[in-house]
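*Asks:* model the following, please.
(3 chains)
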Amino acid sequence: MSRSTGTSGHEGALDDLLKAKTSEGAQEMASRENTTRRELRSEFGGVLRLPEGVSLDADDINYEAPDDETMILNLGPSHPSTHGVLRVMVEIRGEQVLRTKPVIGYLHTGMEKTGEELMYQQGSTNVTRMDYLSPFFNEVAYCLSVEKLAGIEVPERAGWIRMLMCELNRISSHLLWLATNGADLGALNMLVYGWRDRELLLSFFEKVSGLRMNHNYIRPGGVAADLPDGWRDDVAAICDTVMRRMDEYDNLLTGQPLLQNRMSGVGALDASTAVGLGLTGPLLRSTGVAYDVRRDYPYLYYDDVRFDVIVGTLGDCWDRFAIRFNEIRESVRIIRQVAKAMPNGDYRAQDKKVTPPPRNRINESMEALIHHFKLFTEGFRVAPGDAYVPVESPRGELGCYIVSDGTSRPYRLHVRAPSFANLQALAPMARGAFIPDVIACISSIDPVLGDVDR
Amino acid sequence: MGLEELNHNFFTGTLEGVVKWARASSSWGANFGLACCAIEMMGAGAANYDLARFGMEVFRASPRQADLMIVAGRLSQKMAPVLRQVYDQMMEPKWVISMGVCASTGGMFNNYALVQGVDQVVPVDVYTPGCPPGPETLIHSILTLHEQIRRGEITRRRTLTGAGAGIHVEEIRSVQPSSPAVTHAVER
Amino acid sequence: MSEAGATEPTEPNEPAVAEGQAPLYGCPVTDLFGQRTVHTDRARYFALMEGLHKDGFEACIGVSGVDYLTHPGRDLPTGVGAERFEVVVELLSFSRKERLRVRCQVPAGDPVVPSLFDLWPGSEAHERETFDMFGVRFSDHPDLTRILMPEDWEGHPLRKDYAPAHVAVQFKEAPK
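*Replies:* Numbering: from 1, shown residues only, chains lettered A, B, ... in the order given. The predicted structure follows:
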């Protein structure tokens, strides 16, 4: 490790850091002799089940260390495969991967602790930064739980606006996935195309909420501001452009034999392993289980729009590619329906105890001034209880478990992060594959480390 | 830093200028995207904002081949030694841009999990505000850094502070608060 | 947890421990806004989970913990004694299109709970996180190590008696 020679007077304080090691001890993968058989089971997804429902005895699984020597290789956490600070340790024999163990926590931000310090109306700013590729979903999950606990009725228009923004966010998240997946597999063009198309969506988000990312737009009671004038034209332009471009990408990618070879048959999962591991989202749907929270536990106004739930068969990377690709098209379909059905009305609940008054009212009305003061210094109190409302984020089931104790701050804020659970799929997917296939598998899981680590 | 040990005189003046120009015009970034800011950094490198026109053609995965480390995102306690290791592997001359408020000061997360500012771990030359800073703000901070390198200001500042140059830039927002969309909503 | 300005709590939402909510495997069931929750203590926990698994709850969506140190007076059905920690498990059934929450009381003096790894392998990472953040141990867990914090971290951050913010920066192997 080379020592820095550039800046003087600085090294004294950092001497101890220079000696700091990056070893994480027991969290890392140990050699086979030093790993218990129970832990080795994760190689096979934990428990093997035969389709008839009979379960395989744990002792029937072959854990034998192969006669060749194996090597434990470390990938990350600073790694060019652009999925964030994920560290993966793989045990390989030659080029073939046997065990995989992700080591996470490199982006742990203590958001659940910060959430206990912020008032309910400030909570959106915190949760929005968890899954930073789909911030609206975090906000919706949080707000639905808060509204359930506090008994806040959200006006219809606000609900439809939330749906619109969420589906647009799904498109931008899946476009980013197409971009990074392409980059990981070598289709570098997609990196540039994906970001080009995201710019359309991000400039719309900026127009609506003021920020390109991490919007803090969806708040308990509704949304922060109404849609700007001319939003229908913007949304129509986005939908048309995205659909046109998806056809171009279909042309570019789907028939490509290289891409098919890289993804077909790679990272196959079966439905029982997927269900046992608690996977959700495209990962679960690729194995044939048609679980989509929008369909099975509808929230907002999803039971008023028509859309298809896209399901795969083999559970390999190709299926997930196809699912995400077509989910973009389905989202466009939903957005067009939402744009047609958008009702007029309030964009936030008129409940004075929850929603701050408009700024110009504060000069005129004493009551508005008092409410404004109370809301921004104390916040609104929520009756004790607990609530968990799941939403379908681009990665799977996302939900916010909030425990309230009657004060204006959550007592406990726990986010059920889809990527955290989905990452457990890496071990069974990567077994027997090559190292580049591990990259393809990680990309196919689509983890967002902000979601994983929170 | 190589140049500084030179005996500065009339003859080396032009040479120094050329070297500084070359360094500023072709600084390649090291991959150190951590969180949300990394997405905006990639957005800055993509087609709409294009960092390549400023000489930052590629982001090198190997720190040995990089000059500029943009710490994009929140630095957690677990990641701090990794950051230091990657920084140490970079060859001189090297610069650090701390992108975003989480990297600069810990941002909105003043808790047990985050390092409250990466300048506790590495010397920072430019602090970029924003959560996340848009690509325009990032480009502004990169160009500020390039300007400082080109003029030699950066070495002077570093000797002053004893650590990084510590330049603060302003955030650039393309949507101003007075734009029609936002005031219309607020007045409702 | 500083509560500058927040005044006395409001009335609780009344969970209905009433008709239609028959106990499951001897554990009382409540319903709050349509969310069914089974309350249990440690003794009945694993038997309850085995029963639910057999009944068709194929997926364990998440396992998390709550530290009730500063909110001891929460509403619990009769027969369930409040303890400091709670382990909360979300279960999902695809075949029955049902969700269920299980809340298990865990005493502070001996925070050990059976692991759900044999029933739902996906609970492994969630239980590690609960251990890391609260110090609740899961017996028979294949790999109970910290998952989010560095390995040599001291303390369990999400406990209520852990300093919330403004702590001095703690580096690995740096002088404290």
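*Asks:* use CA for all of it now, contacts and neighbours both
*Replies:* Noted.
*Asks:* for residue A:275, give me the pLDDT.
*Replies:* Note on residue A:275: pLDDT of 91.
*Asks:* in what helix or strand does it lie?
*Replies:* helix A:271-276 (DSSP states H and E).
*Asks:* residue B:96 too?
*Replies:* Going by DSSP H and E, residue B:96 is in strand B:95-99.
*Asks:* what pairs with that strand, parallel or antiparallel?
*Replies:* Note on strand B:95-99: by DSSP bridges, its sheet partners are strand B:68-72 (parallel), strand B:126-128 (parallel).
*Asks:* what's the most buried one of those strands?
*Replies:* strand B:68-72 (a mean of 28; mean count of other CA atoms under 10 Å in any protein chain shown).
*Asks:* what lies in contact with that one?
*Replies:* B:27-38, B:41, B:87, B:94-100, B:103, B:118 (CA atoms under 8 Å, 6 or more residues apart in numbering or on different chains).
*Asks:* ok, and the helix or strand in chain A with the lowest average confidence?
*Replies:* Every helix and strand in chain A was compared by mean pLDDT, DSSP states H and E; the lowest is helix A:11-18, with a mean of 51.
*Asks:* list the contacts for the residue nearest to residue A:284 when sequence neighbours are not counted?
*Replies:* With sequence-adjacent residues excluded and distances taken as CA to CA, 6 or more residues apart in numbering or on different chains, residue A:284 is closest to residue A:274, at 6.0 Å. By CA under 8 Å, 6+ apart, residue A:274 lies in contact with A:283-284, A:287, A:425.
*Asks:* count of neighbours near residue C:162?
*Replies:* 13 (other CA atoms under 10 Å in any protein chain shown).
*Asks:* and stretch C:65-82, how far out from the chain middle?
*Replies:* 11 Å (CA atoms, centre = their mean, to the nearest Å).
*Asks:* same question for it, mean pLDDT?
*Replies:* Here the average pLDDT along stretch C:65-82 is 85.
*Asks:* my read is that residue A:70 contacts residue A:91, right?
*Replies:* Yes: using CA atoms under 8 Å, residue A:70 is in contact with residue A:91, at 6.4 Å.
*Asks:* let me know the secondary structure of residue A:432.
*Replies:* Classification of residue A:432 by DSSP: H, G, I helix; E, B strand; the rest coil places it in coil.
*Asks:* nope, residue A:291 is what I was after
*Replies:* Residue A:291 is classified as coil under three-state DSSP.
*Asks:* quick one, what contacts it?
*Replies:* Neighbours of residue A:291 in contact, by CA under 8 Å, 6+ apart: A:280-281, A:284-285, C:94.
*Asks:* same thing but 6 Å
*Replies:* Listed by CA atoms under 6 Å, 6 or more residues apart in numbering or on different chains, residue A:291 has no contact partners.
*Asks:* what's the spacing between it and chain B?
*Replies:* Plainly put, residue A:291 is 29 Å away from chain B if you go by CA to the nearest CA, to the nearest Å.
*Asks:* which pLDDT value goes with that residue?
*Replies:* Reading off the model, residue A:291 has pLDDT 92.
*Asks:* in CSV: the strands paired with strand B:95-99, plus mean pLDDT and distance to residue A:296.
*Replies:* Shown next, in CSV, are those (pLDDT from 0 to 100; distance: least, CA to CA, whole Å):
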stretch, mean pLDDT, distance to residue A:296
strand B:68-72, 92, 38
strand B:126-128, 92, 44
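*Asks:* tell me the SS of the residue most central in space within chain C?
*Replies:* Taking CA atoms, centre = their mean as the criterion, residue C:87 is the residue nearest the geometric centre of chain C, at 1.7 Å. Here residue C:87 takes the strand state, with states given by three-state DSSP.
*Asks:* show me what it is bridged to.
*Replies:* Going by DSSP bridges, residue C:87 forms beta bridges with residue C:65, residue C:104.
*Asks:* circling back: got CSV for the strands paired with strand B:95-99, with distance to residue A:42 too?
*Replies:* Output for those, formatted as CSV (distance: least, CA to CA, whole Å):
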stretch, distance to residue A:42
strand B:68-72, 33
strand B:126-128, 43
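*Asks:* quick one: closest of the ones you listed to residue A:162.
*Replies:* Closest to residue A:162 of the strands paired with strand B:95-99, according to CA to CA: strand B:68-72, at 29.0 Å.
*Asks:* still on that earlier bit, give me every residue that touches the residue nearest to the centre of chain C.
*Replies:* If you count contacts by CA under 6 Å, 6+ apart, then residue C:87 has C:64-65, C:103-104 around it.
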